[in-house]
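In: Turn this into a model:
(one chain, ligands or ions: 1)
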Amino acid sequence: MSESIVLFGPPGAGKGTQAEAIVNATGKPQVSTGDMLRAALNAGTTLGLEAKKYMDVGELVPDEVIIGLIADRMQEDDACDGVLFDGFPRTIIQAEALAKIAVVTLVISIEVPDESIVERIVGRRMDPETGEIYHVNFRPAPSDISSRLIQRKDDNEEAVRTRLVAYHSQTAPLAEWYDQRGILKTVNGNQGMAEVGAEISQLLD
Ligand code: AP5
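Out: Next comes the predicted model:
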């Protein structure tokens with residue numbers, strides 16, 4: 001089995017923002033369970049509609065749904081040399097399932113305090129044409145595309161608070177789980193995007 005990387009951190013930590021550079025540096029495709037669930041929802045699949053109930057309010061989608069999604073994704077040709085997981089695993093059950101189908105050699109944990117998270121999430125905007133992530137204050141979009149930007153339905157303060165509760169109770173314990181396996185590396189996510197990127201790049205070297 002080939003070597004995969006996990007990008008780990010609370011909602012809004014900057015996982016999606018940093019993923020592109022890691023993909024470019026490693027050649028591994030990004031596998032984001034959040035993006036996969038949103039794509040399923042946009043396609044109107046049963047899985048997408050079921051996931052929507054959880055996503056809209058900020059709760060985790062059940063483990064069996066996510067594990068099935070990842071098992072299928074790892075069968076695809078581009079996953080044979082390992083992938084960059086973004087937003088997966090999010091529970092110890094998911095991590096145990098992952099260990100049976102992939103070898104994770106590095107977990108990059110982007111650490112950001114809760115007080116910075118709400119501002120980041122509520123100000124996030126996405127370009128539906130390119131998938132590019134912007135922020136109204138920290139990364140404003142060029143003015144010629146600003147009219148087409150969208151805001152995720154779960155990027156509101158109430159859902160973010162629920163996502164943070166889910167993160168601390170169900171996902172954060174995974175950091176220790178991976179640390180015990182000697183593969184957890186942390187970066188300070190509470191600084192500029194370029195500085196976070198530089199710390200990650202050092203880890204990859
Ligand atoms: P998902 O899509 O994975 O959302 P998330 O983990 O909550 O992460 P985000 O995408 O919100 O944040 P990010 O870390 O990528 O931050 P970004 O780079 O965009 O999951 C959504 C939902 O799907 C979940 O709530 C759950 O329901 C379900 N789900 C998904 N995976 C699941 C799983 N494995 N198990 C169960 N359920 C699952 O940055 C955020 C903003 O901050 C942007 O505007 C960006 O421009 C800005 N920013 C980034 N870095 C910085 C910086 N250094 N300084 C200032 N601003 C910054």
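
In: What segments of this protein are helices?
Out: Along the chain, the segments classed as helices by DSSP state H run 15-26, 33-42, 46-55, 63-73, 92-101, 114-122, 157-166, 173-180, 193-204.

In: ok, how many other residues are close to whichever residue of the chain sits closest to the ligand?
Out: Using CB to the nearest ligand atom, the closest approach of the chain to the ligand is made by Gly34 at 1.9 Å. Any C-beta I mention is one placed from the backbone N, CA and C, and that applies to glycine too. Residues within reach of Gly34, counting by other CB atoms under 10 Å, total 19.

In: Please name the nearest non-neighbouring residue to it.
Out: Gly87 (4.8 Å; CB to CB, 6 or more residues apart in numbering).

In: Quick check: residues of the chain near the ligand?
Out: Counting by CB under 6 Å from any ligand atom, the residues of the chain close to the ligand are 9, 11-17, 33-34, 37, 54-55, 58-61, 66, 87-88, 90, 94, 120-121, 123-124, 133-135, 138-139, 154, 163, 189, 192-193, 196.

In: From His135, how far off is the residue of the chain most remote from its centre?
Out: Largest separation from the mean C-alpha position in the chain: Asp144, at 27.7 Å (CA atoms, centre = their mean). For Asp144, the distance to His135 equals 18 Å [CB to CB, to the nearest Å].

In: if we can go back for a sec, and the helices of the chain as JSON lines, adding distance to Cys80 and mean pLDDT?
Out: Formatted as JSON lines, the helices of the chain follow (distance: least, CB to CB, whole Å; pLDDT from 0 to 100):
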{"stretch": "helix 15-26", "distance to Cys80": "14", "mean pLDDT": "97"}
{"stretch": "helix 33-42", "distance to Cys80": "18", "mean pLDDT": "96"}
{"stretch": "helix 46-55", "distance to Cys80": "24", "mean pLDDT": "96"}
{"stretch": "helix 63-73", "distance to Cys80": "12", "mean pLDDT": "96"}
{"stretch": "helix 92-101", "distance to Cys80": "12", "mean pLDDT": "97"}
{"stretch": "helix 114-122", "distance to Cys80": "34", "mean pLDDT": "96"}
{"stretch": "helix 157-166", "distance to Cys80": "32", "mean pLDDT": "96"}
{"stretch": "helix 173-180", "distance to Cys80": "23", "mean pLDDT": "98"}
{"stretch": "helix 193-204", "distance to Cys80": "20", "mean pLDDT": "97"}
